[in-house]
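J.: here are the coordinates; sequence isn't available:
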C-alpha cells in the first residue's frame, strides 16, 4: 500500500495517514493503556506518510511520480517535529490541569515519556544519520504503529473480561473476549508475515494482500 506514494494517489495517501494520526491522538481510549497506545500510533502515522517506502520502481500499476525524496523528507520532518513539540507541551499543560493537586498520573507520565522518547529519538536520527533515516524511517514508523493498534485490540479483550467479572456489563459480552484475542493474534501474524515476506521475497503483490487482511481484521474489530 505504501508504494502508492509514488503514484497519482500520492496526495490522498499522505492526507489519509495524517488525518488518521490526528484522529488516533484525539480519540480517547477506554482505559489509560489504550489511550497511550492510540496516541503512540497517532504520532507515528504522519511519519509513515512523510518518509516513503523505498523501491519506487516496483510500483508499476500506474505512471510513477518521482519526487525528490531527500528534499521532501528534509522539508516535512522538521515541521512534524516542531508540531510534535507543541502538542507535547500542550499535553503536559492539560495533564497537569486535569491532575490538580495530585499531579500527573502514572499513565500520563508513561505517555509523556514515550512521546518524548519517540520525538527525541526521531530528531537525533534525522540529524545524525539522514541517509539511514530516509532508508528505514518508513518501516520504523509503520511497524510500531501497527503493533500499537494490535495492543489496543488485545487490551479491549482484557477490559471486557474484567468488566464481565465485575458485573458492570452483561455476561453475554464475554463472547467478545475470545473474538478480540483472536483478531489481535491474527493481526500480529499478518504483520509478521508482511515483514517476513518483504524481507525474503520481492513479491509486492503478496505483501499488498497481507496488508489488506491486516486492515480488514481491524475493521472487523
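T.: Alright, I've got the coordinates. In this text, all values refer to a predicted model and were calculated from it rather than measured experimentally. Residues are numbered from 1 along each chain as shown.
J.: thought residue 181 was touching residue 154?
T.: Yes - assessed by Cβ atoms under 8 Å, residue 181 is found in contact with residue 154 at 6.8 Å. In this view, the C-beta of every residue, glycine as well, is placed from N, C-alpha and C.
J.: what about the two, which has more around it?
T.: More neighbours surround residue 154 than the other of residue 181 and residue 154, with 20 against 17 (other Cβ atoms under 10 Å).
J.: which element is the closest residue to that one other than its chain neighbours on?
T.: With Cβ to Cβ, 6 or more residues apart in numbering as the criterion, residue 154 has its nearest non-adjacent residue at 4.2 Å, and that residue is residue 184. When elements are defined using DSSP states H and E, residue 184 is found to belong to helix 175-200.
J.: For that helix, which helices and strands make contact with it?
T.: On a contact count with 3 or more Cβ pairs under 8 Å, 6 or more residues apart in numbering; DSSP states H and E, helix 175-200 meets helix 130-166, helix 204-220.
J.: now for the ones you listed, which one comes closest to residue 82?
T.: Set against residue 82 and scored by Cβ to Cβ, those come closest in helix 130-166, at 16.7 Å.
J.: okay, and the helix or strand of this protein with the least pLDDT?
T.: helix 204-220 (a mean of 85; mean pLDDT, DSSP states H and E).
J.: If you count contacts, what does it end up packed against?
T.: If you count contacts as 3+ Cβ pairs under 8 Å, 6+ apart, helix 204-220 packs onto helix 130-166, helix 175-200.
J.: Tell me which of these is the most buried.
T.: Highest mean neighbour count of the helices and strands packed on helix 204-220: helix 130-166, a mean of 18 (counted as mean count of other Cβ atoms under 10 Å).
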